[in-house]
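Peer 1: Predicted structure and sequence below. I'll ask about it afterward.
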Amino acid sequence: MEDIDSFLFKFKGYYFLRPGLDIGFLETLNDFEIREDDVFIVTYPKSGTIWFQQILNLIYFDEHRKSTGNLETVFRVPYFEYPDQNGFYFLSLQIIYVYRNPKDVMCSYFHFSKKMPLPTTSTIEEFMQLFLEGKVLGSLWFDHIKGWHEHKSLFNIEFMMYEEFKKDLRGSMLKVCKFLGKELSDEDMDTVVSQAMFENMKLDPRANYDNILKDQFGIQEKGHFLRKGTIGDWKNYMTVEQNERFDKIFQKNMKDFPLKFIWDMNEE
Ligand SMILES: Nc1ncnc2c1ncn2[C@@H]1O[C@H](COP(=O)(O)O)[C@@H](OP(=O)(O)O)[C@H]1O
Ligand SMILES: CCc1ccc(OS(=O)(=O)O)cc1
(Lines give C-alpha, C1' and ligand atoms only; values in the text may rest on other atoms or scores of the structure.)
(Ligands and ions follow the chains in the order given, each with its own letter.)
Protein backbone atom coordinates (compact mmCIF):
# COMPACT_ATOMS: atom_id res chain seq x y z
CA MET A 1 0.00 0.00 0.00
CA GLU A 2 1.40 3.38 -0.94
CA ASP A 3 1.59 6.36 1.35
CA ILE A 4 -1.71 8.15 0.78
CA ASP A 5 -0.39 11.50 2.01
CA SER A 6 1.91 11.79 -0.97
CA PHE A 7 -1.16 11.67 -3.25
CA LEU A 8 -3.93 13.20 -1.19
CA PHE A 9 -4.41 16.41 0.76
CA LYS A 10 -7.19 16.82 3.30
CA PHE A 11 -9.05 20.11 3.14
CA LYS A 12 -12.28 20.75 5.10
CA GLY A 13 -12.39 17.03 5.86
CA TYR A 14 -12.28 16.03 2.19
CA TYR A 15 -9.41 14.43 0.29
CA PHE A 16 -8.14 16.34 -2.75
CA LEU A 17 -5.52 15.20 -5.23
CA ARG A 18 -2.18 16.59 -4.01
CA PRO A 19 -0.16 16.76 -7.27
CA GLY A 20 -0.82 20.13 -8.89
CA LEU A 21 -3.18 21.25 -6.11
CA ASP A 22 -3.52 25.01 -5.66
CA ILE A 23 -4.57 25.47 -2.03
CA GLY A 24 -5.01 29.21 -2.55
CA PHE A 25 -7.57 28.42 -5.23
CA LEU A 26 -9.43 26.01 -2.92
CA GLU A 27 -9.67 28.74 -0.32
CA THR A 28 -11.41 31.04 -2.81
CA LEU A 29 -14.03 28.45 -3.81
CA ASN A 30 -16.61 29.74 -1.33
CA ASP A 31 -16.75 32.89 -3.42
CA PHE A 32 -17.00 31.04 -6.71
CA GLU A 33 -19.76 32.68 -8.71
CA ILE A 34 -22.50 30.27 -9.68
CA ARG A 35 -25.05 31.32 -12.31
CA GLU A 36 -28.68 30.42 -11.80
CA ASP A 37 -28.80 28.49 -15.06
CA ASP A 38 -25.70 26.44 -14.31
CA VAL A 39 -26.08 22.68 -14.26
CA PHE A 40 -23.88 20.62 -11.94
CA ILE A 41 -23.16 16.91 -12.19
CA VAL A 42 -22.21 15.67 -8.74
CA THR A 43 -20.54 12.29 -8.42
CA TYR A 44 -18.38 10.21 -6.20
CA PRO A 45 -15.41 9.14 -8.39
CA LYS A 46 -15.99 6.17 -10.70
CA SER A 47 -19.78 6.49 -10.66
CA GLY A 48 -20.18 7.62 -14.27
CA THR A 49 -18.86 11.19 -14.23
CA ILE A 50 -17.56 11.31 -17.79
CA TRP A 51 -20.61 9.47 -19.05
CA PHE A 52 -22.89 12.19 -17.69
CA GLN A 53 -20.55 14.89 -18.97
CA GLN A 54 -21.02 13.37 -22.41
CA ILE A 55 -24.81 13.09 -21.98
CA LEU A 56 -25.20 16.76 -21.02
CA ASN A 57 -22.81 17.81 -23.74
CA LEU A 58 -24.91 15.93 -26.31
CA ILE A 59 -28.16 17.37 -25.00
CA TYR A 60 -26.99 20.98 -24.82
CA PHE A 61 -24.65 21.38 -27.78
CA ASP A 62 -25.85 20.92 -31.32
CA GLU A 63 -22.34 20.88 -32.68
CA HIS A 64 -21.31 18.11 -30.28
CA ARG A 65 -24.34 16.03 -31.22
CA LYS A 66 -23.84 16.61 -34.94
CA SER A 67 -20.07 16.09 -34.63
CA THR A 68 -19.41 19.40 -36.36
CA GLY A 69 -17.52 20.68 -33.30
CA ASN A 70 -14.31 19.15 -32.09
CA LEU A 71 -14.12 20.42 -28.53
CA GLU A 72 -13.36 17.76 -25.94
CA THR A 73 -15.92 17.15 -23.21
CA VAL A 74 -13.71 18.34 -20.40
CA PHE A 75 -13.53 21.83 -21.91
CA ARG A 76 -17.32 22.13 -22.08
CA VAL A 77 -18.07 20.38 -18.78
CA PRO A 78 -15.07 21.15 -16.59
CA TYR A 79 -14.26 19.47 -13.30
CA PHE A 80 -14.98 21.48 -10.19
CA GLU A 81 -13.75 19.79 -7.02
CA TYR A 82 -15.68 21.05 -4.05
CA PRO A 83 -15.62 19.70 -0.52
CA ASP A 84 -19.26 20.05 0.54
CA GLN A 85 -22.74 21.21 -0.32
CA ASN A 86 -22.39 24.65 1.29
CA GLY A 87 -21.91 27.36 -1.25
CA PHE A 88 -24.48 26.18 -3.78
CA TYR A 89 -26.76 29.09 -2.99
CA PHE A 90 -29.31 28.99 -5.78
CA LEU A 91 -32.37 26.85 -5.44
CA SER A 92 -32.92 27.03 -9.18
CA LEU A 93 -29.47 25.66 -9.97
CA GLN A 94 -29.91 22.21 -11.46
CA ILE A 95 -27.92 19.41 -9.90
CA ILE A 96 -27.76 15.85 -11.18
CA TYR A 97 -26.35 13.49 -8.57
CA VAL A 98 -25.18 10.28 -10.21
CA TYR A 99 -24.80 7.23 -8.00
CA ARG A 100 -23.69 3.68 -8.66
CA ASN A 101 -23.58 0.57 -6.50
CA PRO A 102 -20.47 0.97 -4.35
CA LYS A 103 -19.00 -2.47 -5.05
CA ASP A 104 -18.70 -1.62 -8.74
CA VAL A 105 -17.46 1.86 -7.79
CA MET A 106 -14.77 0.27 -5.64
CA CYS A 107 -13.66 -2.19 -8.34
CA SER A 108 -13.61 0.51 -10.99
CA TYR A 109 -11.58 2.69 -8.62
CA PHE A 110 -9.16 -0.15 -7.85
CA HIS A 111 -8.28 -0.49 -11.55
CA PHE A 112 -8.22 3.24 -12.19
CA SER A 113 -5.95 3.99 -9.24
CA LYS A 114 -3.29 1.61 -10.56
CA LYS A 115 -2.77 3.84 -13.58
CA MET A 116 -3.24 7.28 -12.07
CA PRO A 117 -1.39 9.38 -9.50
CA LEU A 118 -3.71 8.08 -6.79
CA PRO A 119 -3.25 5.93 -3.67
CA THR A 120 -3.09 2.40 -4.99
CA THR A 121 -2.74 -1.13 -3.68
CA SER A 122 -1.71 -4.43 -5.17
CA THR A 123 -4.78 -6.32 -3.95
CA ILE A 124 -8.49 -5.64 -3.86
CA GLU A 125 -8.41 -6.49 -0.14
CA GLU A 126 -6.07 -3.60 0.60
CA PHE A 127 -8.02 -1.28 -1.66
CA MET A 128 -11.27 -2.25 0.06
CA GLN A 129 -9.72 -1.13 3.34
CA LEU A 130 -8.78 2.27 1.89
CA PHE A 131 -12.20 2.63 0.27
CA LEU A 132 -14.16 1.69 3.38
CA GLU A 133 -12.05 4.03 5.50
CA GLY A 134 -12.48 6.85 2.97
CA LYS A 135 -8.74 7.16 2.38
CA VAL A 136 -9.21 7.83 -1.32
CA LEU A 137 -9.83 10.86 -3.48
CA GLY A 138 -13.48 11.70 -2.80
CA SER A 139 -13.22 10.47 0.81
CA LEU A 140 -15.88 8.14 2.20
CA TRP A 141 -18.51 6.94 -0.30
CA PHE A 142 -21.15 6.63 2.46
CA ASP A 143 -20.64 10.26 3.59
CA HIS A 144 -20.78 11.54 0.02
CA ILE A 145 -24.12 10.04 -0.95
CA LYS A 146 -25.73 10.52 2.45
CA GLY A 147 -24.51 14.11 2.70
CA TRP A 148 -26.03 15.08 -0.62
CA HIS A 149 -29.21 13.17 0.02
CA GLU A 150 -29.72 14.68 3.48
CA HIS A 151 -29.39 18.17 1.98
CA LYS A 152 -31.60 17.49 -1.01
CA SER A 153 -34.40 19.82 0.10
CA LEU A 154 -31.99 22.75 -0.25
CA PHE A 155 -31.51 22.18 -3.96
CA ASN A 156 -33.16 21.41 -7.22
CA ILE A 157 -31.43 18.04 -7.30
CA GLU A 158 -32.29 14.80 -9.07
CA PHE A 159 -30.66 11.51 -8.05
CA MET A 160 -29.93 9.36 -11.09
CA MET A 161 -28.70 5.80 -10.96
CA TYR A 162 -25.85 4.60 -13.23
CA GLU A 163 -27.47 1.17 -13.49
CA GLU A 164 -30.79 2.56 -14.72
CA PHE A 165 -28.95 4.25 -17.59
CA LYS A 166 -27.27 0.95 -18.41
CA LYS A 167 -30.60 -0.86 -18.44
CA ASP A 168 -32.67 1.73 -20.30
CA LEU A 169 -30.58 4.48 -21.81
CA ARG A 170 -33.33 6.07 -23.88
CA GLY A 171 -35.91 6.08 -21.08
CA SER A 172 -33.33 7.50 -18.67
CA MET A 173 -32.31 10.15 -21.18
CA LEU A 174 -35.92 11.31 -21.39
CA LYS A 175 -35.87 11.75 -17.61
CA VAL A 176 -32.71 13.88 -17.85
CA CYS A 177 -34.31 16.04 -20.55
CA LYS A 178 -37.47 16.45 -18.49
CA PHE A 179 -35.45 17.51 -15.44
CA LEU A 180 -33.45 20.01 -17.50
CA GLY A 181 -36.52 21.27 -19.36
CA LYS A 182 -35.04 20.25 -22.71
CA GLU A 183 -36.97 18.81 -25.59
CA LEU A 184 -35.17 16.93 -28.34
CA SER A 185 -36.60 15.69 -31.62
CA ASP A 186 -36.77 11.91 -32.05
CA GLU A 187 -33.86 12.13 -34.47
CA ASP A 188 -31.71 14.11 -32.02
CA MET A 189 -32.65 11.73 -29.23
CA ASP A 190 -31.53 8.78 -31.38
CA THR A 191 -28.17 10.49 -31.87
CA VAL A 192 -27.76 11.30 -28.18
CA VAL A 193 -28.55 7.74 -27.17
CA SER A 194 -26.21 6.29 -29.76
CA GLN A 195 -23.30 8.58 -28.88
CA ALA A 196 -23.72 7.99 -25.15
CA MET A 197 -23.41 4.23 -25.54
CA PHE A 198 -20.26 2.76 -24.04
CA GLU A 199 -18.91 1.32 -27.29
CA ASN A 200 -19.42 4.58 -29.22
CA MET A 201 -18.18 6.83 -26.44
CA LYS A 202 -15.05 4.74 -26.19
CA LEU A 203 -14.25 5.53 -29.82
CA ASP A 204 -15.06 9.24 -29.55
CA PRO A 205 -11.82 11.18 -28.90
CA ARG A 206 -13.86 14.17 -27.65
CA ALA A 207 -15.47 12.03 -24.95
CA ASN A 208 -13.16 9.17 -24.00
CA TYR A 209 -10.49 11.21 -22.19
CA ASP A 210 -7.66 9.38 -23.93
CA ASN A 211 -6.08 12.72 -24.91
CA ILE A 212 -6.38 14.14 -21.40
CA LEU A 213 -4.81 11.04 -19.91
CA LYS A 214 -1.96 11.26 -22.41
CA ASP A 215 -1.38 15.02 -22.15
CA GLN A 216 -1.89 15.47 -18.41
CA PHE A 217 -0.77 12.17 -16.97
CA GLY A 218 1.50 10.75 -19.68
CA ILE A 219 -0.64 7.59 -19.93
CA GLN A 220 -0.43 6.00 -23.36
CA GLU A 221 -2.58 2.91 -22.87
CA LYS A 222 -6.29 3.27 -23.54
CA GLY A 223 -9.28 2.33 -21.47
CA HIS A 224 -8.90 3.79 -18.02
CA PHE A 225 -12.07 5.83 -17.83
CA LEU A 226 -13.95 3.61 -20.26
CA ARG A 227 -12.86 0.25 -18.95
CA LYS A 228 -15.84 -2.18 -18.97
CA GLY A 229 -18.92 -0.09 -18.22
CA THR A 230 -20.94 -2.99 -16.82
CA ILE A 231 -23.07 -3.83 -13.80
CA GLY A 232 -21.78 -6.48 -11.39
CA ASP A 233 -18.12 -6.58 -12.36
CA TRP A 234 -17.40 -6.65 -8.61
CA LYS A 235 -18.28 -10.37 -8.70
CA ASN A 236 -15.12 -10.96 -10.74
CA TYR A 237 -12.92 -9.42 -8.04
CA MET A 238 -14.44 -9.85 -4.61
CA THR A 239 -14.40 -13.11 -2.69
CA VAL A 240 -17.53 -14.38 -0.94
CA GLU A 241 -16.01 -13.34 2.38
CA GLN A 242 -15.13 -9.85 1.16
CA ASN A 243 -18.61 -9.46 -0.24
CA GLU A 244 -20.22 -10.45 3.06
CA ARG A 245 -17.98 -8.09 4.98
CA PHE A 246 -18.79 -5.28 2.56
CA ASP A 247 -22.53 -6.01 2.89
CA LYS A 248 -22.37 -5.75 6.68
CA ILE A 249 -20.64 -2.38 6.53
CA PHE A 250 -23.04 -1.21 3.82
CA GLN A 251 -26.09 -2.22 5.86
CA LYS A 252 -24.75 -0.54 8.99
CA ASN A 253 -24.03 2.72 7.17
CA MET A 254 -27.02 2.80 4.84
CA LYS A 255 -29.75 1.68 7.24
CA ASP A 256 -32.94 3.60 6.40
CA PHE A 257 -31.37 5.20 3.32
CA PRO A 258 -34.26 5.44 0.85
CA LEU A 259 -32.57 5.09 -2.57
CA LYS A 260 -32.32 1.62 -4.02
CA PHE A 261 -29.22 0.07 -5.57
CA ILE A 262 -28.75 -2.42 -8.38
CA TRP A 263 -25.91 -4.88 -7.90
CA ASP A 264 -26.50 -7.21 -10.82
CA MET A 265 -27.51 -6.76 -14.46
CA ASN A 266 -30.46 -9.16 -14.06
CA GLU A 267 -31.89 -7.34 -11.06
CA GLU A 268 -35.02 -5.19 -11.58
N1 LIG B 1 -21.08 5.28 -21.78
C2 LIG B 1 -20.86 4.57 -20.68
N3 LIG B 1 -21.63 3.51 -20.39
C4 LIG B 1 -21.41 2.76 -19.28
N5 LIG B 1 -20.41 2.99 -18.40
C6 LIG B 1 -19.60 4.04 -18.66
C7 LIG B 1 -19.77 4.88 -19.79
N8 LIG B 1 -18.82 5.83 -19.77
C9 LIG B 1 -18.08 5.59 -18.67
N10 LIG B 1 -18.53 4.51 -18.01
C11 LIG B 1 -17.95 3.86 -16.83
O12 LIG B 1 -17.93 4.75 -15.71
C13 LIG B 1 -16.80 4.41 -14.89
C14 LIG B 1 -15.93 5.65 -14.73
O15 LIG B 1 -16.60 6.58 -13.96
P16 LIG B 1 -16.02 8.07 -13.80
O17 LIG B 1 -16.23 8.77 -15.09
O18 LIG B 1 -16.88 8.62 -12.68
O19 LIG B 1 -14.60 7.97 -13.44
C20 LIG B 1 -16.04 3.31 -15.60
O21 LIG B 1 -16.53 2.10 -15.05
P22 LIG B 1 -15.70 0.72 -15.10
O23 LIG B 1 -14.33 1.00 -14.58
O24 LIG B 1 -16.49 -0.20 -14.21
O25 LIG B 1 -15.71 0.28 -16.52
C26 LIG B 1 -16.49 3.52 -17.03
O27 LIG B 1 -16.31 2.42 -17.88
C1 LIG C 1 -6.37 11.59 -11.30
C2 LIG C 1 -7.45 12.58 -11.27
C3 LIG C 1 -8.81 11.98 -11.31
C4 LIG C 1 -9.67 12.34 -12.31
C5 LIG C 1 -10.94 11.80 -12.33
C6 LIG C 1 -11.33 10.91 -11.37
O7 LIG C 1 -12.52 10.29 -11.39
S8 LIG C 1 -13.90 10.94 -11.66
O9 LIG C 1 -13.98 11.34 -13.08
O10 LIG C 1 -14.05 12.11 -10.77
O11 LIG C 1 -14.83 9.90 -11.38
C12 LIG C 1 -10.48 10.55 -10.39
C13 LIG C 1 -9.22 11.09 -10.35
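Peer 2: Arrived safely. Ligands and ions are numbered 1, 2, ... in the order given.

Peer 1: mind listing the helices in the stretch 101-250 of the chain by residue range?
Peer 2: With DSSP state H, counting those that start in this stretch as the criterion, the stretch 101-250 of the chain has helices at 102-115, 124-133, 141-150, 162-167, 169-180, 186-196, 198-203, 210-217, 240-254.

Peer 1: can you put these in JSON lines and add distance to ligand 1, mean pLDDT and mean neighbour count?
Peer 2: All C-beta spots, glycine's among them, are computed from the backbone N, C-alpha and C. Output for those, formatted as JSON lines (distance: least, Cβ to the nearest ligand atom, whole Å; pLDDT from 0 to 100; neighbours: other Cβ atoms under 10 Å):
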{"stretch": "helix 102-115", "distance to ligand 1": "3", "mean pLDDT": "97", "mean neighbour count": "21"}
{"stretch": "helix 124-133", "distance to ligand 1": "13", "mean pLDDT": "97", "mean neighbour count": "18"}
{"stretch": "helix 141-150", "distance to ligand 1": "12", "mean pLDDT": "97", "mean neighbour count": "18"}
{"stretch": "helix 162-167", "distance to ligand 1": "6", "mean pLDDT": "98", "mean neighbour count": "19"}
{"stretch": "helix 169-180", "distance to ligand 1": "8", "mean pLDDT": "98", "mean neighbour count": "16"}
{"stretch": "helix 186-196", "distance to ligand 1": "6", "mean pLDDT": "98", "mean neighbour count": "16"}
{"stretch": "helix 198-203", "distance to ligand 1": "4", "mean pLDDT": "97", "mean neighbour count": "14"}
{"stretch": "helix 210-217", "distance to ligand 1": "11", "mean pLDDT": "91", "mean neighbour count": "14"}
{"stretch": "helix 240-254", "distance to ligand 1": "16", "mean pLDDT": "98", "mean neighbour count": "13"}
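
Peer 1: secondary structure class for Leu259?
Peer 2: coil (DSSP: H, G, I helix; E, B strand; the rest coil).

Peer 1: so what pLDDT did it get?
Peer 2: What the model reports as pLDDT for Leu259 is 98.

Peer 1: My read is that it contacts Phe159, right?
Peer 2: Yes - Leu259 lies in contact with Phe159 (Cβ atoms under 8 Å); the separation is 6.0 Å.

Peer 1: Common neighbours of the two, please.
Peer 2: Counting by Cβ atoms under 8 Å, 6 or more residues apart in numbering, the shared contacts of Leu259 and Phe159 are Tyr99, His149.

Peer 1: Which one of the two is surrounded by more residues?
Peer 2: The neighbour comparison of Leu259 against Phe159 (other Cβ atoms under 10 Å) goes to Phe159, with 16 against 11.

Peer 1: Spell out which helix or strand contains the closest residue to that one other than its chain neighbours, please.
Peer 2: Nearest residue to Phe159, sequence neighbours excluded (Cβ to Cβ, 6 or more residues apart in numbering): Tyr97, at 4.9 Å. Tyr97 is part of strand 94-99 when elements are defined by DSSP states H and E.

Peer 1: Please name the strands paired to that strand in the sheet, noting orientation.
Peer 2: For strand 94-99, the paired strands and their directions (DSSP bridges) read strand 39-43 (parallel), strand 156-161 (parallel).
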